[in-house]
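Participant: Sharing a model prediction with you, sequence too.
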Amino acid sequence: MTALDSLVDALAHGSVAVVDLTLPLSERTPLLQLPEPFANTPGFQLRELSAYDDRGPAWYWNAFTGGEHVGTHFDAPVHWITGRDGEDVSQVPPSRLIGPAVVIDKSTEAAADPDYLLTVADVEAFTAQHGPLPDGGWLLYRTGWDARADDQQAFLNADETGPHTPGFDPECARWLADDTPLVGVGVETVGTDAGTAHSFEPAFPCHSFMLGAGKYGLTQLANLAQLPPTGAVLVAAPLRIVRGSGSPARVLALVGRS
Ligand code: MN
C-alpha cells in the first residue's frame, strides 16, 4: 500500500480524523480594532446576486467583500515591513501549507492572565517532554480564546489601556523565527501578537520576526483542544490572492485516533 492509500484507508475507517480549525466567516466575525490614526479593516460581507429568483431562476450565489485579515486567516511575509521583499500570499509554496503541528496549551495561564506571554522557557519545557519542534511545521498556541470568538468585546478584551489578549514575548518570537525549523505559528486570538504588543520592543515582535524571516502566521484558530500535543498534520488553505498580504483560510488538522 502506498502512503496515500494508507491515508485514504485511515480517513475512511476513522483512524485519522479531520478537525476543522476554522471559525465560521460571517458579518459577525470579530475584527481587529486599531487606534487612530490607523486604517481599520472592513469586516466580511455577503451581497446576494440571486436566490432561485428572477435574477437567476435556478441558482443561488453571492458576491463578498472584506479584509484579507478577517476571521481565521493566513499572514504572508509581505504583510509586515520586515518581510516586504518576501512572498505575497499567492507566492507561498504549496509544500509549506501542509506540515506537522505541535500544540502548546497555555489556556489555564491565559484564563488567569489575559496578557500571558509565551516564553522560550515555556517552549523548551514542551520540547523536553515531547521532542523537538517539527521541521517545516507549525507551533499552535492554545489559550482558550476560541471560546470568545462569537463575541467581539470578549474576543478583543479591551479596556481603557487597550486590548488584553495573550501572545509571545519578544525573545520567544525572535527565537521561533530565527532559531527553530518551524514555518509558522498559529494562535486563537485576533492576531499573532499579544494585545499589548504595540508597546513591546520591537513592537509586534511576532509579526516583525516571523514574517521578516519569511515565515507565516495563522490567526483566529478554533478547536485546538481537539489536537494532541504532537502528531497532528496541519493543512492551511488561504486564497491565492495575487499581491495579497494574507487571506481568510480554511485550516484543517489531520489527527490520529487509536
Ligand atoms: Mn493578520
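Facilitator: Right, received. Where do you want to start?
Participant: contacting residues around Leu252?
Facilitator: Leu252 sits next to 18-22, 234-235, 237 when contact means C-beta atoms under 8 Å, 6 or more residues apart in numbering. (C-beta placed from N, C-alpha, C; glycine too.)
Participant: Sorry, wrong one. I was asking about Ala249.
Facilitator: Going by C-beta under 8 Å, 6+ apart, the list of residues near Ala249 reads 22, 72-74, 218, 236-239.
Participant: closest to the ion among those?
Facilitator: His73 (5.7 Å; C-beta to the ion).
Participant: Could you list the residues in contact with stretch 233-248?
Facilitator: Contacts for stretch 233-248 (C-beta under 8 Å, 6+ apart): 21, 25, 44, 66, 68-76, 78-79, 88-90, 92, 97-101, 137-138, 140, 184, 186, 216, 218, 249-254.
Participant: what about 7 Å?
Facilitator: Applying C-beta atoms under 7 Å, 6 or more residues apart in numbering, the external contacts of stretch 233-248 come out as 25, 68-76, 78-79, 88-90, 97-101, 138, 218, 249-254.
Participant: Narrow the contacts of Leu252 to just the buried residues.
Facilitator: 19, 21-22, 234-235, 237 (16 or more other C-beta atoms under 10 Å).
Participant: Which of the contacts of Ala249 fall within strands?
Facilitator: 73-74, 218, 236-238 (DSSP state E).
Participant: filter the residues you listed by proximity to the ion?
Facilitator: Subset of those in contact with the ion: empty, counting by C-beta under 5 Å from the ion.
Participant: In the stretch 1-150 of the chain, where is pLDDT below threshold?
Facilitator: For the stretch 1-150 of the chain, no stretch is flagged by pLDDT under 70.
Participant: If we use 90, what do you get?
Facilitator: 1 (pLDDT under 90).
Participant: Once you drop chain neighbours, what's closest to the residue in it positioned nearest to the ion?
Facilitator: Scanning the stretch 1-150 of the chain for proximity to the ion using C-beta to the ion identifies His69 as nearest, at 3.6 Å. Nearest residue to His69 in three dimensions, chain neighbours excluded: Gly246, at 5.3 Å (C-beta to C-beta, 6 or more residues apart in numbering).
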